[in-house]
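I would like to see how this sequence folds:
(one chain, ligands or ions: 1)
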Amino acid sequence: MNLADPQRTTRRDAIKLGLLAGAGLAVGRGAPLFGEVATLTQEFMTRPIPGTGERLPIVGVGTNQWGARSEEEIAPLREIVRLMKESGARFIDTARIYGRGRAEEVIGQILRELDARDDVFIATKVPTADNREEAVASLEACMTALRVERVSAMRVHFLDGVEILLPILREWKEAGRIRYLGVTTMSAEQYPELERLIREENLDMIEIDYSVLDRAAAERILPLAADHGVAVVVARPFAGRRGGVFSLVGDRPLPDFAGEIGATSWAQLCLKYGLSHPAVTVVIPGTDDPEHMVDNMGAGRGDLPDADLRRRIEQIFDELGG
Ligand SMILES: NC(=O)c1ccc[n+]([C@@H]2O[C@H](COP(=O)([O-])OP(=O)(O)OC[C@H]3O[C@@H](n4cnc5c(N)ncnc54)[C@H](OP(=O)(O)O)[C@@H]3O)[C@@H](O)[C@H]2O)c1
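All right, here's what the predicted structure looks like:
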């Protein structure tokens, strides 16, 4: 059984959207590092945001390390966005505090250079605020750094200050400066509060960590989000930068069954694991390496694990001591 949403970006759609290699590419400074990515475009799966039906390609990027300052540091990040634009991937996850406060600025600069603002879905996060003035100043700071008047999604980071921030996010949504609002958490200790917010606050989107090494969200949060029509963004799909899936698998070969779902790397297998939960809307692997981005986008094609393959993937990581 394939749990992927059956509606995919077909080749015809891709041509229509100008996604195929050479179609309307707007390349920024410097030559492309990885050439064209036509093969990525043919079957990029999409899923709808429940509240609106807007479809999102299911693999995006996380930018918590995007603190680049020099052109040398920015170049690979620009290449990542260029590759996304070319392949049809759209979701860029960021936050006011990422990259030691630099990530939003870096993204804003790159989108301007690549003329890619309309090609991406910018989802950022606002940090806690003590009062309304501080909250509004923070929101304006996000917009200024990103060089935009409006963003696709704004979330309350770590559920911190929801009482002050959620009403303001609603006003901004009403005013058209935010398309989707929500909250994020990285701590299972906050799940009871997250459950309450999902039930009571009419959220458009949540962001939680979920991976083959960290399955806590599958117990209650993912089913609840599905029941309430809340989009789910999966952060830390490799279980984070330290002690994650890659340190466990080392140079072990992929299991034979990976080929059945078109996974050619451990990264793709792990992303496909996360995506095979039907409540998940998009995964946002963190990277600042264009080659890894190409690898990760490969998880958006082919099939997704069924219940049996999900169990076999879990078993591999359980045996590795995850
Ligand atoms: N809401 C929150 O509070 C919160 C908290 C944490 C994270 N997040 C979001 O979730 C995103 C992802 O989390 P994360 O970056 O902490 O953890 P992650 O995505 O689970 O893992 C990132 C690690 O995987 C490596 N990697 C990425 N693609 C790879 C590939 N194809 N092959 C081998 N290694 C690969 C990265 O190295 P390279 O950089 O070298 O590719 C990095 O070391 C963040 O960027 C952020 O946007 C949100």
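
Now Ala235: phi and psi?
Dihedral angles of Ala235 (phi, psi; degrees, to the nearest 10) stand at phi -90, psi 160.

From Asp119, how far out is it?
22 Å (Cβ to Cβ, to the nearest Å). C-betas here are computed from N, CA, C, even on glycine.

Same check on Glu189?
37 Å.

more crowded one of these two?
It is Asp119, of Glu189 and Asp119, that has more neighbours when counted by other Cβ atoms under 10 Å, with 19 against 7.

Counting neighbours, what do you get for the nearest residue to that one once chain neighbours are set aside?
Using Cβ to Cβ, 6 or more residues apart in numbering and skipping the chain neighbours, the partner closest in space to Asp119 is Lys85 (4.8 Å). Neighbourhood size, Lys85 [other Cβ under 10 Å]: 24.

what do you get for Pro167?
Neighbour tally, Pro167, other Cβ under 10 Å: 12.

likewise Asp308?
With other Cβ under 10 Å as criterion, Asp308 counts 10.

May I have the secondary structure class of it?
helix (DSSP: H, G, I helix; E, B strand; the rest coil).

separation between it and the ligand?
25 Å (Cβ to the nearest ligand atom, to the nearest Å).

ok, now which ones touch that residue?
Taking Cβ atoms under 8 Å, 6 or more residues apart in numbering, we find Asp308 in contact with no residue.

I'd guessed Leu146 sits against Glu104; true?
Yes: the pair Leu146 / Glu104 is scored as a contact, 5.0 Å apart, by Cβ atoms under 8 Å.

what about Ile168, helix or strand, and which?
helix 162-174 (DSSP states H and E).

who does that helix touch, helix- and strand-wise?
helix 132-146, strand 151-156, strand 178-184 (3 or more Cβ pairs under 8 Å, 6 or more residues apart in numbering; DSSP states H and E).

can I get those in JSON lines with mean pLDDT and mean neighbour count?
Below are the helices and strands packed on helix 162-174 laid out as JSON lines (pLDDT from 0 to 100; neighbours: other Cβ atoms under 10 Å):
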{"stretch": "helix 132-146", "mean pLDDT": "97", "mean neighbour count": "16"}
{"stretch": "strand 151-156", "mean pLDDT": "98", "mean neighbour count": "24"}
{"stretch": "strand 178-184", "mean pLDDT": "98", "mean neighbour count": "24"}
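
export the ones you listed to TSV and tack on distance to the ligand?
As requested, these are exported to TSV (distance: least, Cβ to the nearest ligand atom, whole Å):
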stretch	distance to the ligand
helix 132-146	14
strand 151-156	7
strand 178-184	4
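
Tell me which stretches of the chain form helices.
Counting by DSSP state H, the segments of the chain that form helices are 11-16, 38-41, 71-87, 98-101, 103-114, 132-146, 162-174, 191-200, 221-227, 245-249, 266-275, 290-297, 307-319.

so what pLDDT did the residue positioned nearest the centre of the chain get?
Geometric centre of the chain, nearest residue: Ile284, 2.9 Å, by Cα atoms, centre = their mean. You'll see Ile284 listed with a pLDDT of 98.

so who does the closest residue to Lys173 other than its chain neighbours touch?
Leaving aside its sequence neighbours, Lys173 sits nearest to Leu181 (Cβ to Cβ, 6+ apart; 5.4 Å). Contact analysis of Leu181 by Cβ under 8 Å, 6+ apart lists Ala153, Met154, Arg155, Leu166, Leu169, Arg170, Trp172, Lys173, Leu203, Asp204, Met205.

now, which of these sits nearest Arg310?
For those, the closest approach to Arg310 (Cβ to Cβ) belongs to Met205, at 23.8 Å.

That'll do, ta.
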